[in-house]
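Peer 1: Predicted model and sequence below, questions to follow.
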Amino acid sequence: GRSHACGSTFFGALVQLIPCRAAVAPFTPVPPSEACCNAIKSLGQPCLCVLVNGPPITGIDRSMALQLPDNTHLNLPPSPPALPIIGHLHLLTPSLFNSFSNLSSKYGPLLYLRLGAARCLLVSSASMASEVFKTHDLAFSSRPVFAFADKLLYGTSGFITAPYGDYWRFMKKLCVTELLGVRQLERSRTIRREELRRLLVIVMEKASKNEVLDVGGELMRLTNNVTCRMVMSTRCSEDDGDAERCRELVKESFELAAKLCFGDVLGPLKKLGFWIYGKQAMNVSKRFDELLERVLKEHEERAEKDEDLMDILLKVYRAEKAEDLFIAGTDTTAEAMQWTIAELLNHPDAFKRARQEIESVVGRSRLVEESDIPSLPYLQAVVKEALRLYPPGPVTTRECRQNCRIKGFDIPEKTAVAINLYAIMRDPDAWDNPNEFRPERFLIPSRDQEQNLFNFVPFGAGRRGCPGSVLAFSLMNTVIAAMVQCFDWKVGGDGDGDQKVDMQPGSGMSMSMVQPLLCHPVVHLNPFAA
Ligand code: HEM
C-alpha cells in the first residue's frame, strides 16, 4: 500500500486475484490452484473457490454474476475478447500499468473492460485523455466509489476520493487558497529550507562515517516532515513516534481497502467481505481518530500565532480531513525523487551536466535555494524526465457522472475510468525513444503546444488534476539540486561504487523500486563549512 493515494486499491485487489482466473471460470472446472487460494487468503477472504465451484448458497445468485448489462443499444468502445464472470481479468498481470499498456498497444487507446462485476473504461493516449481531462472535464470529475468505501478510513469523505460535489469544491478551494497556492507556498518556503538542511546534515554524517544511506527512507522522512509542518505546524518524524503510528495506520487501512474492494469484483458475493472485515475497518478508523484527536488537541493548546491549514479547517469546518493531503503528498514526492536520483546515478553525464549548471549559477559558497530553480533549466528537465518515466501514480481513476460520447463511442453514466498516465508518457507516437532517459528532450521547444499538453501528465489534469504539482516540483527540484551540488554517490550497500541501480518498477498499482536505493554519499561541497 505505498504511494497510492493517487491510485486505487481496487486495482490492487484485482491484481492479487489473477492466479484465480482459471478456477472462477464456470465452464472450465479447474480446481483452484494453491496460488489462487493463497491470493484469496492474502486478501483475507475465506475460500472463494468453494463458493464459486461448490454447492449453491442461500442468498447468493450465482447466475447473476454471468449477466451482462443491457447495453446492446449502445455503441460501446471496443473490448478485447472476454471470459464469463471474470471478463478481462485474465488479461491483467501483477504489474498493472504494464498489462494495461499491453492491452492498449494491442487493442487501441480507448477500451471497455469488464473486470469481474466491475465495468471500466481504459484510456491510454494523449488524444483520448484530452477528451477526459478537457473536452468532458466536468463529466469525468468524479472518482469511482468502491464497495464499503464509506466504512474505511478515508472512504468517500476524503478529498482525493470524494465524489464531485460541494465537499470536494470546498476542499479544493481551501487547498488552493490556503496551502498550495503561490502566495502560501512563498510563505512556507522557510519550512522546506529547514527540512532540506536537516536532511543534508544527516547525509553529511553518513558520509563522514562512511556509512550506507537508505535514500528512499530519508526522502520519505523529509516529505513527511514538510507536509506535516505545512499542514499542521507539527513535525511528524519526531521521537514520540506519531509519524510511525500514522504511517502504520495508513498502511493498514490501504490493506483493508484492498480486502474490501474485493467485493466490487465479486459482485453478488460482495456482502461477504463486509461481514468479515467490517469490524476490523471500524477499528482502524477509530485508532486513527484517536491519534488525530490527540494531535489536534495539542495543536489547539499550542495556539501558535501563524495560522496553518489545520487552524483554518478547525475554524471553518471543524473537520479533520488534512490527513488526505498527507497521504497524497508524501509517498508520491519521495518516490519520484528516489527515481530521479537513481537515473542520475545511472547516467553520469547527466549528473555532471546538472552539477555544472548548478555551480555556474549558484557558485560553490552557498547551498542552492528554491529561488535558483528558474535559472536551472537542465535540472528541471531532469526532474520532468524522471516523472515522465516513473509517474508515482501511474494510473488515475475517474468516474463518468453522466452518459457521454467520446469519439463517437457511448460511455454510460457511472462507468469507472482508468487513465494510464504511464502509457501516455511512453507512447512511441508522442515521444522519440520513449523508454530512454533523455532530459534534453524537455529543452527543445515543442512545435505543437496544444497537442503536447496531454503528452506529459504525471499529475493528471483538469479540475480533478493534482493540486500539489507546484509544491511537488519545487520540493523535487530543490532537493535533487542539493543532492547533486553537495555529494558524489557510490551505488550499493557495499560501496564499491560501480553498480548500476536496478530501474525495474515493482508490481501492483504503485511505482516503487523493487530494491531500495542504497548509497554511500561522499561530500563534494559542504555549504555549512564556511
Ligand atoms: C511528484 C509528486 C506527485 C504526483 C506525481 C502526484 C500525482 C497525482 C495524480 C496523478 C493525481 C490524480 C489526478 C487526476 O485524476 O487527474 C493526484 C491527485 C491529488 N494529489 Fe497529487 N501528486 C503528487 C504530489 C502531491 C502533493 C505534494 C500533494 C499535496 C500536498 C498532492 C495532493 C493531491 C490531492 C489532494 C489530489 C486529489 C485531487 C482531487 O481529487 O481533486 N499531490 N496527484
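Peer 2: Noted; the coordinates are in hand.

Peer 1: all strands of the stretch 351-500 of the chain, in order?
Peer 2: Secondary structure of the stretch 351-500 of the chain (DSSP state E, counting those that start in this stretch): strands at 395-399, 404-406, 409-411, 416-420, 487-491.

Peer 1: Now do the second one, average pLDDT.
Peer 2: Which is strand 404-406. For strand 404-406, mean pLDDT rounds to 94.

Peer 1: That strand pairs with which strands, parallel or anti?
Peer 2: Applying DSSP bridges, strand 404-406 is found paired with strand 409-411 (antiparallel).

Peer 1: Figure out which of the strands of the stretch 351-500 of the chain is closest to residue 470.
Peer 2: When the strands of the stretch 351-500 of the chain are compared by Cβ to Cβ, strand 395-399 sits nearest residue 470, at 18.2 Å. Every residue, glycine included, has its C-beta placed from N, CA and C.

Peer 1: closest to residue 226 out of the strands of the stretch 351-500 of the chain?
Peer 2: Per Cβ to Cβ, nearest to residue 226 of these: strand 487-491, 20.1 Å.

Peer 1: I'd like the strands of the stretch 351-500 of the chain as JSON lines, with distance to the ligand and mean neighbour count appended.
Peer 2: Compiled in JSON lines, these are given as follows (distance: least, Cβ to the nearest ligand atom, whole Å; neighbours: other Cβ atoms under 10 Å):
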{"stretch": "strand 395-399", "distance to the ligand": "4", "mean neighbour count": "23"}
{"stretch": "strand 404-406", "distance to the ligand": "16", "mean neighbour count": "17"}
{"stretch": "strand 409-411", "distance to the ligand": "16", "mean neighbour count": "19"}
{"stretch": "strand 416-420", "distance to the ligand": "7", "mean neighbour count": "24"}
{"stretch": "strand 487-491", "distance to the ligand": "21", "mean neighbour count": "21"}
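
Peer 1: tell me what the helix or strand harbouring residue 218 is packed against?
Peer 2: Following DSSP states H and E, one finds residue 218 within helix 215-232. Applying 3 or more Cβ pairs under 8 Å, 6 or more residues apart in numbering; DSSP states H and E, we find helix 215-232 packed against helix 189-208, helix 242-266, helix 309-316, helix 323-346, helix 469-486.

Peer 1: now the angle from the fourth one to helix 215-232?
Peer 2: Computed by axes from the mean of the first three to the mean of the last three Cα atoms, to 10 degrees, the angle separating helix 323-346 from helix 215-232 equals 150 degrees.

Peer 1: Helix 323-346 versus strand 487-491: what angle between them?
Peer 2: On the basis of the same axes, to 10 degrees, helix 323-346 is oriented at 80 degrees to strand 487-491.

Peer 1: average pLDDT across helix 323-346?
Peer 2: Rounded mean pLDDT across helix 323-346 is 84.

Peer 1: go on, the longest one?
Peer 2: For helix 242-266, the mean per-residue pLDDT is 51.

Peer 1: Kindly report the same for stretch 378-391.
Peer 2: 97.

Peer 1: The lowest-mean-pLDDT helix or strand in the chain: what's the following helix or strand?
Peer 2: Of all helical and strand segments in the chain, the minimum by mean pLDDT, DSSP states H and E falls on helix 48-53, at a mean of 40. From helix 48-53 onward toward the C-terminus, using DSSP H and E, the following helix or strand is helix 96-107.

Peer 1: following that following helix, which helix or strand comes up?
Peer 2: strand 110-115.

Peer 1: can you list contacts of that next one?
Peer 2: Contact partners of strand 110-115, identified using Cβ atoms under 8 Å, 6 or more residues apart in numbering, comprise 14, 76-80, 82, 86-89, 92, 103-104, 119-125, 128, 265, 406-407, 409.

Peer 1: okay, it in PDB with CA atoms only?
Peer 2: Taking Å, rounded to 0.1, in the frame of the first residue of the first chain, the C-alpha atoms of strand 110-115 are listed here in PDB:
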ATOM      1  CA  LEU A 110      -9.900   3.500 -25.800                       C
ATOM      2  CA  LEU A 111     -11.100   0.200 -24.400                       C
ATOM      3  CA  TYR A 112     -14.200  -1.000 -22.500                       C
ATOM      4  CA  LEU A 113     -13.100  -3.600 -19.900                       C
ATOM      5  CA  ARG A 114     -15.100  -5.900 -17.700                       C
ATOM      6  CA  LEU A 115     -13.300  -6.900 -14.500                       C
END
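
Peer 1: got the angle for it vs helix 96-107?
Peer 2: Using the same axes, to 10 degrees: strand 110-115 against helix 96-107 is 130 degrees.

Peer 1: average pLDDT across strand 110-115?
Peer 2: 88.

Peer 1: what do you get for stretch 120-130?
Peer 2: 94.

Peer 1: How about stretch 432-450?
Peer 2: On average, the pLDDT along stretch 432-450 is 84.

Peer 1: So which bits of that stretch are buried?
Peer 2: Counting neighbours by 16 or more other Cβ atoms under 10 Å, one finds that the buried residues in stretch 432-450 are 434, 437, 438, 439, 441, 442.

Peer 1: any idea which of those residues is closest to residue 212?
Peer 2: residue 437 (24.4 Å).

Peer 1: Excluding chain neighbours, what is closest to that closest one?
Peer 2: residue 343 (4.9 Å; Cβ to Cβ, 6 or more residues apart in numbering).

Peer 1: and the one you found, what does it touch?
Peer 2: Contact analysis of residue 343 by Cβ under 8 Å, 6+ apart lists 350, 382, 385, 386, 389, 437, 503.

Peer 1: Could you provide those residues in CSV, with additional columns for distance to residue 469?
Peer 2: Compiled in CSV, these are given as follows (distance: Cβ to Cβ, whole Å):
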residue, distance to residue 469
350, 23
382, 17
385, 16
386, 14
389, 17
437, 21
503, 24
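
Peer 1: Filter the residues you listed down to the ones in helices?
Peer 2: Counting by DSSP state H, these place 350, 382, 385, 386, 389 in helices.

Peer 1: got a winner among the residues you listed for most neighbours?
Peer 2: Highest neighbour count within the ones in helices among the contacts of residue 343: residue 382, with 30 neighbours (other Cβ atoms under 10 Å).

Peer 1: From what I see, that residue and residue 345 are in contact.
Peer 2: No: Residue 382 is beyond contact range of residue 345, at 11.9 Å (criterion: Cβ atoms under 8 Å).

Peer 1: how near is residue 478 to residue 333?
Peer 2: Taking Cβ to Cβ, to the nearest Å as the measure, residue 478 falls 12 Å from residue 333.

Peer 1: between these two, which one's more packed in?
Peer 2: Neighbours around residue 478 and residue 333, counted as other Cβ under 10 Å, are more numerous at residue 333. The numbers are 26 against 23.

Peer 1: dump the residue contacts of the more buried one.
Peer 2: Counting by Cβ under 8 Å, 6+ apart, residue 333 makes contact with 223, 392, 468, 472, 475, 476.

Peer 1: before we move on, what about residue 359?
Peer 2: Going by Cβ under 8 Å, 6+ apart, residue 359 touches residue 485.

Peer 1: what's the distance between it and residue 199?
Peer 2: Distance from residue 359 to residue 199, by Cβ to Cβ: 20 Å.

Peer 1: now do residue 397
Peer 2: 33 Å.

Peer 1: follow-up on the earlier one: just the buried residues of the contacts of strand 110-115.
Peer 2: 14, 76-77, 80, 82, 86-89, 92, 103-104, 119-125, 128, 265, 406, 409.

Peer 1: wait, residue 345 sits on residue 490?
Peer 2: No: contact criterion Cβ under 8 Å: residue 345 and residue 490 do not qualify, at 9.0 Å.
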